[in-house]
Every structure is written in structure tokens, then in C-alpha cells.
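K.L.:
Fold the following.
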Amino acid sequence: MTRTARVERETGETKVLVELNLDGTGKVNVSTGVGFYDHMLNQLGKHGGFDLTVHTVGDLEIDAHHTMEDTAIALGQAFATALGDKRGIRRFGDATVPLDEVLARAVVDLSGRPYVVHEEPEGLAPYIFGNAGPVYATSMTRHILESFGHHARITLHVSVLRAARPGQQPDPHHVVEAQFKALARALRDATAFDPRSGDIPSTKGVL
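P.N.:
So this is what the prediction gives:
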């Protein structure tokens, strides 16, 4: 069974191409025009073990919002398509990932029910309203996860458990990257085949 997908999405604001192979080796070719976002999508493919191609042309003369949102939508659609009927998969996955002072956790259920929870510690206002890279507003991380999760039709919980040493400011780069790495590892586990079952992992018989 080949678990691949190709999604093309074009609007008046963006043109997006996503190609995905869930059973790849982590080969990634990403170009969105937003350097930090490219870096995060590279983390997703590399640590998820997915072959991932993403090419996006967006209205960056306005800002990066549409580019990142529409890319996340297309990426979610690609995951939903590549998963097919989800027969034989583990379905659930979780990962806790450190990145120096930051600790992030992602928990995934490939349930067919879109639901996304994103939690960050209180006191992160300087981080939330700041940037990681020149044009990646850190407030977009939640929106990217929500757009991806809803269109992938998955239940997704992502939590930043620790953002900085006591008395220090969070590093926006580390806070965001730890979340993407945790998501990648959780998806890697959830999409993997369960050697003990070749059936659809649901008492309903459908996901």
C-alpha cells in the first residue's frame, strides 16, 4: 500500500503544492518564502520520517499569515489523503521533546475528529507577540497547528511544558521548534503500522 498524497491549493492569496509520502525517509524540499517556517516544516519531515515537498507562493507583500495558513491547510489535507482508511496504523502517538531550556509535548489521535488544543505557560507575552525569524510571528504557531489539525481531521494536543529558565525570557526559536519536533515524533508513531493488528483501530470499524 502506497501512502502518498499530492495536494494543490490555489486562492487569490496563495498557490500551494504539497507532496507527502508517509513511509519515506525524511527527505524534505520546502520553499514557502518564509525562512523560519521552512525550517519548521523541515523539522516535521525529518523527525517524522516523511518525504515532504512544499512549494508555496503567497502574498508576502502583505504579511506571512496567508502563506503559512494555506500551507498548513494543504499539508493537513495531504495527511488526511495519505492516511486512507487508516487500516493497521497505531492511531495514537505522543512525544515529549526538549530543546535546551524548552520542553514541549504533542499527543495525537488520528481519530477522524478535528480537535486541537494548544497550551503555553502564562507569562509568555513577550514571546507570543514577538517574532522567530524576520516575518514569522510566534502567535501564528497556534493557528498553524489548528489549520493543520482540522484539515488532517485529527485530535491534537500540543503543550509547552517549560519555556525558559526561572527569571529568563523564552527563546522564541526554541519554543516554536520544540513544538514542531514533538508533533513530528508523535505523528511518526501514530502513522506507523501496528505489527499486532492489520485492522482499523476503532471499535466502530471506521476512522
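
K.L.:
what's the helix or strand for the nearest residue to Arg185 once chain neighbours are set aside?
P.N.:
In space, and not counting its chain neighbours, Arg185 is closest to Ala95: 3.4 Å by Cβ to Cβ, 6 or more residues apart in numbering. Every C-beta, even on glycine, is put in place using the N, C-alpha and C of the backbone. Taking DSSP states H and E as the definition, Ala95 sits inside strand 92-99.

K.L.:
State the next helix or strand along the chain beyond that strand.
P.N.:
On the C-terminal side of strand 92-99, the closest following helix or strand by DSSP H and E is strand 102-109.

K.L.:
what ranges of the chain fall below the confidence cut-off?
P.N.:
Scanning the chain for pLDDT under 70 picks out 123-130.

K.L.:
Any idea how far stretch 88-98 is from the middle of the chain?
P.N.:
With Cα atoms, centre = their mean, to the nearest Å as the basis, stretch 88-98 stands 13 Å off its chain's centre.

K.L.:
burial measure for Gly84, as a count.
P.N.:
The tally of other residues near Gly84 (other Cβ atoms under 10 Å) stands at 14.

K.L.:
ok, for it, nearest residue in space, not its chain neighbours?
P.N.:
Nearest non-adjacent residue to Gly84 (Cβ to Cβ, 6+ apart): Arg3, at 6.5 Å.

K.L.:
Tell me what angle the helix or strand hosting Ser159 forms with strand 92-99.
P.N.:
Taking DSSP H and E as the criterion, Ser159 maps to strand 155-162. Strand 155-162 and strand 92-99 are oriented at 20 degrees to each other (axes from the mean of the first three to the mean of the last three Cα atoms, to 10 degrees).

K.L.:
how much distance is there from whichever helix or strand comes after strand 155-162 to the middle of the chain?
P.N.:
Using DSSP H and E, the next helix or strand after strand 155-162 towards the C-terminus is helix 172-191. The gap between where helix 172-191 is centred and where its chain is centred comes out at 7 Å by Cα atoms, centre = their mean.

K.L.:
Okay, angle between helix 172-191 and strand 155-162 too, please.
P.N.:
140 degrees.

K.L.:
Would you mind writing the CA trace of helix 172-191 as PDB?
P.N.:
The C-alpha coordinates for helix 172-191 follow below in PDB (Å, rounded to 0.1, in the frame of the first residue of the first chain):
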ATOM      1  CA  PRO A 172      11.100  32.200  20.500                       C
ATOM      2  CA  HIS A 173      13.100  30.000  18.100                       C
ATOM      3  CA  HIS A 174      13.400  27.200  20.700                       C
ATOM      4  CA  VAL A 175       9.800  27.400  21.900                       C
ATOM      5  CA  VAL A 176       8.400  27.000  18.400                       C
ATOM      6  CA  GLU A 177      10.900  24.400  17.200                       C
ATOM      7  CA  ALA A 178      10.400  22.200  20.200                       C
ATOM      8  CA  GLN A 179       6.600  22.100  19.400                       C
ATOM      9  CA  PHE A 180       7.200  21.100  15.700                       C
ATOM     10  CA  LYS A 181       9.700  18.400  16.700                       C
ATOM     11  CA  ALA A 182       7.300  17.000  19.200                       C
ATOM     12  CA  LEU A 183       4.500  17.000  16.700                       C
ATOM     13  CA  ALA A 184       6.700  15.200  14.200                       C
ATOM     14  CA  ARG A 185       7.600  12.400  16.600                       C
ATOM     15  CA  ALA A 186       4.000  12.000  17.700                       C
ATOM     16  CA  LEU A 187       2.800  11.800  14.100                       C
ATOM     17  CA  ARG A 188       5.600   9.300  13.300                       C
ATOM     18  CA  ASP A 189       4.400   6.900  16.000                       C
ATOM     19  CA  ALA A 190       0.700   7.400  15.200                       C
ATOM     20  CA  THR A 191       1.000   6.800  11.500                       C
END
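
K.L.:
Thank you, goodbye.
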